[in-house]
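Trainee: turn this into a model:
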Amino acid sequence: MPLRITVHDSTEPTSVEDRSQLEAVLQTASEEARRENMLGGVFIEAENGNFMTMVVGGGETVLSFAYAHLNPPSYASKGASNEIEPILTCFLNFQHHTEFPRKNVIPYDDGAKAVAQFLDSGKLPTCISWEEV
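Mentor: Numbering: from 1, shown residues only. Purely as a prediction, here's the structure:
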């Protein structure tokens, strides 16, 4: 299922249709975040309207998932910790300051696999654990 990935509010989303295109867009966004010495957050929307966010630029990430109808439930990735701190701070679309509790932090590679699964289905990925928020 094609995805539209928004890296910056001021630019049009990039459409991706396969995993190699997805990896290229996420890699480019991660490289930009590292150059800027920050973590960025990208917005990822499926053709069915379901959407995710992903933190890029480091070895860890946080994912969120929401359905197109914008009604509950919505989800955040569930990491190994149950702690709130240390907080992971990123800038959604490289602009909007956003903070996530440590309990939602997962390894970047696991997050990338979940986004690839989202590309395949447009549904809540099952390859990671989620917490309803």
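Trainee: could you pull up the contacting residues of Phe98?
Mentor: Just to correct that, residue 98 is Thr rather than Phe. When contacts are counted by CB atoms under 8 Å, 6 or more residues apart in numbering, Thr98 is found next to 41, 89-92. The C-beta positions use only the backbone N, C-alpha and C, and glycine is treated the same way.
Trainee: recalculate using a threshold of 10 Å.
Mentor: Neighbouring residues of Thr98 by CB atoms under 10 Å, 6 or more residues apart in numbering: 39-41, 53, 55, 62, 64, 88-92.
Trainee: that one and Gly40: what is the separation?
Mentor: Look at Thr98 and Gly40: by CB to CB, to the nearest Å, they are 10 Å apart.
Trainee: list residues touching both of these two?
Mentor: With CB under 10 Å, 6+ apart applied, the overlap between the contact sets of Thr98 and Gly40 consists of 55, 90-92.
Trainee: to which secondary structure element is the residue most central in space within the chain assigned?
Mentor: Within the chain, one residue has its C-alpha closest to the average C-alpha position: by CA atoms, centre = their mean, that is Met54, at 1.4 Å. In this structure, Met54 is located in strand 51-56 according to DSSP states H and E.
Trainee: what about that strand, distance to the chain center?
Mentor: Averaging C-alpha coordinates over strand 51-56 and over its chain gives two centres that are 1 Å apart (CA atoms, centre = their mean, to the nearest Å).
Trainee: same question for stretch 78-85.
Mentor: On the basis of CA atoms, centre = their mean, stretch 78-85 sits 17 Å off its chain's mean C-alpha point.
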